[in-house]
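Trainee: coords please:
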Amino acid sequence: MTAGVDALVEEASARAGAWPGDDVPFVATLELLVESCRRTAALNPTGLQVLHKAAVRRLRNLRLVQAHVEAHPDVADRSLGAPIVVTGLPRTGTTLLHNLLALDPAHRALRVWEALSPVPPADAGPAAEALRAQAEAWLDRFYRLVPGFRSIHPATATGPEECDALLQNTFASQHFDDMFDARDYSSWLATAPLTREYEHYALQLRAISTPGPTWALKSPSHLGHLDALRAALPGATVVLCHRHPREAVASYASLIQTLRRAYSDSMSPATIGRQALDRAATAMGRALDQRDATSVDVSYRELVADPVGTVRALYARLGRSLEVSVEAQMRAWVLANPQHGHGAHRYGLGQFGLTGDEVDAAFAPYLARFADVVPDVVADVLAG
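Mentor: Next comes the predicted model:
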C-alpha cells in the first residue's frame, strides 16, 4: 500500500478493528482511486476531505461486514431469491420506478441508513434509531455541501437508496467516477470485470436480508456490468429504463457538474460533457452485448406520464398483479412527491459542448434497437 492509503487503513482499523493478517480486500482499487484523483481531479480542500472521509467509511464498512460474516458464517449461504434490479442510463427514471416498487410490502429495498452501515444494527454498534439519525445528519450535510443536488436526486434517511452504495464499499463505483475527475480510475471502471466486487455486493445483501420480501434494487451503475450482476444474483430480473440519450446525457452531465463544483475549483463543462457521453455510450454498448431474454423494458416518457399505470404494466409482464391497496399507496406517493418538487433541474447539451448529432452517433445501435420505447427528444434539451 502507498503511504497515504496505509494511513486510511489504519484510521479505519482504529474504528472497526484490525484486519486479520493485514489482508485488506479491494485496497488496490482504493489506491487506484486515490492516485488517479491526485493526478487529474484537482481537488480543493473540501474535495480532499470528502475523499478521505469516504475512503475511511468504506474501509470501516468492509471490516464490519467481514467481522459480521466471521461471527455468522451462515450469512454466506442465505438465498437472495429472485430480486428485481432496476437500471438504465443515469437520469432515465430509475429512482422514480424504484421508489414506487419500494412501497410494495412484497419488496425489500435498501434504505439510506442501511447503505451507510450495511450490517445488522446489533453488530454495528448503534441501534437502528441512532443509525437513522446519523443518516439524516449525513444527508443534511451533503445537501448543504452540494447545493442543487436535492432537486436532482432527493433522498431521505429511511427512503430507498441505490444499491451502488454497496459497491462503493469495494471502491468500484460510478459514484466516485461522478464525484471526481479521476481519469485513470474511470478508464478502469468502464470495462473492469468486477466479479469479486459483485460477489461482495451480494454478500452485503445477504448480511442484511430478512426472510420474506423480494429485494427491489436499483442503480444505473449496473448497466455496464450486467454479466457480473447476474453472476452474483442469478435469479434476478433486470428492468431497463429507457430515455432518449440526448436528454439522459445532458441531465447526467449536469449531475456530474453539480457534484464536482463542491469538490474542485477547476472544472471544464466541455470535459464533463465528453465524459458523460463516453461513459454512458460505453455502458450502453456493454449492456446491449450482455442483455438477455429475461430483461424487461420501461419507457421514461410513459413512466413520467403515468407512473402507477407503468408499474401496473410492469407487474403484468412479470406475471404479477398490482394489489389495490398498494396501488393506492403509490398514487398517494406520486401526489405527495411531484416532479420538480425540490426545484426544477435545468440542463442542455450545449452547456457541455455537445450536439444532438454527436449523441445520436454514439448511441446509433441503441436508438435503432429501441426506437419503439425511446421517443423523439424534446427540442429544448439542445439549448445551452
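
Trainee: CA atoms for contacts and neighbours, from now on please.
Mentor: OK.

Trainee: all strands for the stretch 51-200 of the chain, in order.
Mentor: 84-88, 107-108 (DSSP state E, counting those that start in this stretch).

Trainee: would TSV of these with distance to residue 357 be doable?
Mentor: Formatted as TSV, the strands of the stretch 51-200 of the chain follow (distance: least, C-alpha to C-alpha, whole Å):
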stretch	distance to residue 357
strand 84-88	21
strand 107-108	41
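
Trainee: what's the closest of these to residue 302?
Mentor: Of all the strands of the stretch 51-200 of the chain, strand 84-88 sits nearest to residue 302, with 15.0 Å by C-alpha to C-alpha.

Trainee: Now do the closest one: which elements does it pack against?
Mentor: helix 94-102, strand 214-218, strand 237-242 (3 or more C-alpha pairs under 8 Å, 6 or more residues apart in numbering; DSSP states H and E).

Trainee: Figure out which of these is closest to residue 69.
Mentor: Between the helices and strands packed on strand 84-88, strand 214-218 lies closest to residue 69; by C-alpha to C-alpha that is 20.1 Å.

Trainee: angle of the closest one against strand 237-242?
Mentor: Using axes from the mean of the first three to the mean of the last three C-alpha atoms, to 10 degrees, the inter-axis angle of strand 214-218 relative to strand 237-242 is 30 degrees.

Trainee: contacts for the next helix or strand after strand 214-218?
Mentor: On the C-terminal side of strand 214-218, the closest following helix or strand by DSSP states H and E is helix 226-232. Contacting residues not belonging to helix 226-232 are listed as 193-195, 198-199, 202, 222, 236, 287, 290-291 [C-alpha atoms under 8 Å, 6 or more residues apart in numbering].

Trainee: and what of stretch 30-45?
Mentor: The contact list for stretch 30-45, computed with C-alpha under 8 Å, 6+ apart, reads 1-2, 5, 55, 171, 180-185, 263-266.

Trainee: coming back round to it: would you mind finding the most buried of the strands of the stretch 51-200 of the chain?
Mentor: strand 84-88 (a mean of 26; mean count of other C-alpha atoms under 10 Å).

Trainee: Need the contact partners of that strand.
Mentor: Residues outside strand 84-88 that contact it (C-alpha under 8 Å, 6+ apart): 94, 97-98, 214-223, 236-242.

Trainee: hang on, the earlier thing: format the strands of the stretch 51-200 of the chain as a markdown table; extra columns: mean pLDDT and distance to residue 283.
Mentor: Shown next, in a markdown table, are these (pLDDT from 0 to 100; distance: least, C-alpha to C-alpha, whole Å):
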| stretch | mean pLDDT | distance to residue 283 |
| --- | --- | --- |
| strand 84-88 | 98 | 9 |
| strand 107-108 | 98 | 27 |
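
Trainee: what's the closest of these to residue 146?
Mentor: Evaluated over the strands of the stretch 51-200 of the chain, closeness to residue 146 peaks at strand 84-88, with 24.2 Å, by C-alpha to C-alpha.
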